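1. can you look at this prediction? I've put the sequence above it.
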Amino acid sequence: MKKIITGVKSTGSSMHLGNLMGAVLPFGRTAVGNDAAIFIADLHSLTSVKDGKTLREQTLEVAIEYLAIYGVDTPITIFRQSDIRGITELMWILTNVTPYSLMNRAHSFKDFQQKREQAIADLNYLKWKHDAFSESNFLTKEVLESIDKSIHERTIIIQKLAEDFSENLNMWVFNYPILMAADIIGYDCEAVPVGKDQIQHLEMTRDIVRAFNKTYGQEVFREPEAIIDEAVAALPGIDGRKMSKSYDNFIGIFDDEKILKKRVMSIVSGSEWVDEKKKNPDECNIYNLYRVFATPEQTVALRVKYESENIGFGYGHAKTELLSVLTEYLRPYREAREKLLQNPAFVEAKLAEWAHIMNARLEEKMGVVKEVVGVN
Ligand code: TRP
């Protein structure tokens, strides 16, 4: 029995098939026999959602979606990050043992900083070249003019980057991984299922644990491990690339039926005509989605159709069959969500129950932490 935790932000994207098959259902399976919790990281979402009403609604929507998938009697503890009062307090305490140099390495910040530094270095070089040779005839007039132009362009780029820096790059960049560490170690969690993009954050969490334990000379926190499920194959999106929100190639689970249909019908396929044999089904996006949601018998039957000639079967038909298995597969989840939407008070009551459990866990840990660091 392990303590497992994961968090999802509520930045406005509703769950899609890739999330469901790649993360949400696998987490449900990992949870069996373990002590598992999933929370909606609304405090982390503050970094990009700057409207209170919107954030509140989106956070509730995510909670409802998870409840719809796992069921209202799920053994998984589903909670809202901001319901746990002590989490930001723990973050503050951790901030005091977290080296600046550690935060400075975060990809999100480093990329930004490197772009700016490179632009400044280029500009300084161009200025030097311009000043060094403008009074001589080592460089032609044309070359000097092109240098002038580059200096001007780069100055604008740097100005833009600086504006972006001051407007969008606030302290969340530094504090984000520290809050994430608090989310994990505050409840003594041992394992964290995450996507590849979060591996660095988990490493930082372990570094923070070591720094704390070393500073106070006690094993107060434990180092969590990341669970990265390599076995879960990425689901293809409607354009054939990995299904993802950022590619806008996803099929949303809870979208309106019309949108669901539109997305399925726009899956990129081969161009063979109805009476032609189709391309290799294993390379077809429709087939590759179909086999995930259909029974083995249905999958074999579709394969036979792909490999037949003169049966009046085209990619449009394959899409219609996919839509029908998908609709069946998703029906219980969609119905469960509809029911929960009708009863937000019930959802809030469930969240309050779970928040109570997690608050108690964190409080117990904070008792030890505060004793060690010497605050009340
Ligand atoms: N940073 C994670 C993401 O962007 C969300 C998150 C916040 C999280 N706290 C966490 C994930 C703790 C796992 C554990 O997806």
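-> Sure, I can see it. Numbers count the residues shown, from 1 in each chain.

2. where does the closest residue in space to Trp354 that isn't next to it in sequence sit, in terms of helix or strand?
-> Nearest residue to Trp354, sequence neighbours excluded (Cβ to Cβ, 6 or more residues apart in numbering): Phe79, at 4.4 Å. Placement of C-beta: from N, CA and C, glycine included. Phe79 is located in strand 77-80, with elements delineated by DSSP states H and E.

3. now swap in Arg210 and tell me
-> helix 199-216.

4. enumerate the positions of that helix that are buried.
-> Neighbour-count burial for helix 199-216, counted by 16 or more other Cβ atoms under 10 Å, picks out 201-202, 204-209, 211-213.

5. coming back round to it: partners of the strand holding Phe79 in the sheet?
-> Looking at strand 77-80 with DSSP bridges, its partner strands are strand 35-41 (parallel).

6. in the partner strand, what's buried?
-> 35-41.

7. could you say what helices and strands the helix or strand following that strand packs with?
-> Under the assignment DSSP H and E, the closest C-terminal helix or strand after strand 35-41 is helix 42-45. Taking 3 or more Cβ pairs under 8 Å, 6 or more residues apart in numbering; DSSP states H and E as contact, the helices and strands that helix 42-45 lies on are strand 3-9, helix 52-70, helix 172-185.

8. near the ligand, which of the buried residues of helix 199-216 show up?
-> With Cβ under 6 Å from any ligand atom as the criterion, these include His201 near the ligand.

9. ok, the buried residues of helix 199-216 vs the ligand, which is closest?
-> Closest approach between these and the ligand, by Cβ to the nearest ligand atom: His201, at 5.9 Å.

10. local confidence estimate at that closest one?
-> pLDDT, His201: 93.

11. that one reaches Met180, doesn't it?
-> Yes. Contact criterion Cβ atoms under 8 Å: His201 and Met180 qualify, at 5.3 Å.

12. returning to that earlier point: contact partners for the residue nearest to Trp354?
-> 37-40, 351, 354-355, 357-358 (Cβ atoms under 8 Å, 6 or more residues apart in numbering).

13. what's the most distant pair in those?
-> Maximum pairwise distance among those (Cβ to Cβ): 15.4 Å, between Ile40 and Ile357.

14. related to what we said a few turns ago, CA atoms of the helix holding Arg210 as PDB?
-> Extracted in PDB, the C-alpha atoms of helix 199-216 (Å, rounded to 0.1, in the frame of the first residue of the first chain):
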ATOM      1  CA  ILE A 199      10.100  14.900 -14.500                       C
ATOM      2  CA  GLN A 200      12.200  17.900 -13.700                       C
ATOM      3  CA  HIS A 201       9.700  19.100 -11.200                       C
ATOM      4  CA  LEU A 202       9.900  15.800  -9.400                       C
ATOM      5  CA  GLU A 203      13.700  16.000  -9.400                       C
ATOM      6  CA  MET A 204      13.400  19.400  -7.800                       C
ATOM      7  CA  THR A 205      11.000  18.000  -5.200                       C
ATOM      8  CA  ARG A 206      13.600  15.400  -4.300                       C
ATOM      9  CA  ASP A 207      16.300  18.100  -4.100                       C
ATOM     10  CA  ILE A 208      14.100  20.200  -1.800                       C
ATOM     11  CA  VAL A 209      13.500  17.200   0.500                       C
ATOM     12  CA  ARG A 210      17.300  16.600   0.700                       C
ATOM     13  CA  ALA A 211      18.000  20.200   1.400                       C
ATOM     14  CA  PHE A 212      15.400  20.300   4.200                       C
ATOM     15  CA  ASN A 213      16.500  17.100   5.800                       C
ATOM     16  CA  LYS A 214      20.100  18.200   5.600                       C
ATOM     17  CA  THR A 215      19.500  21.600   7.000                       C
ATOM     18  CA  TYR A 216      17.600  20.300  10.000                       C
END
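
15. understood, closing this out.
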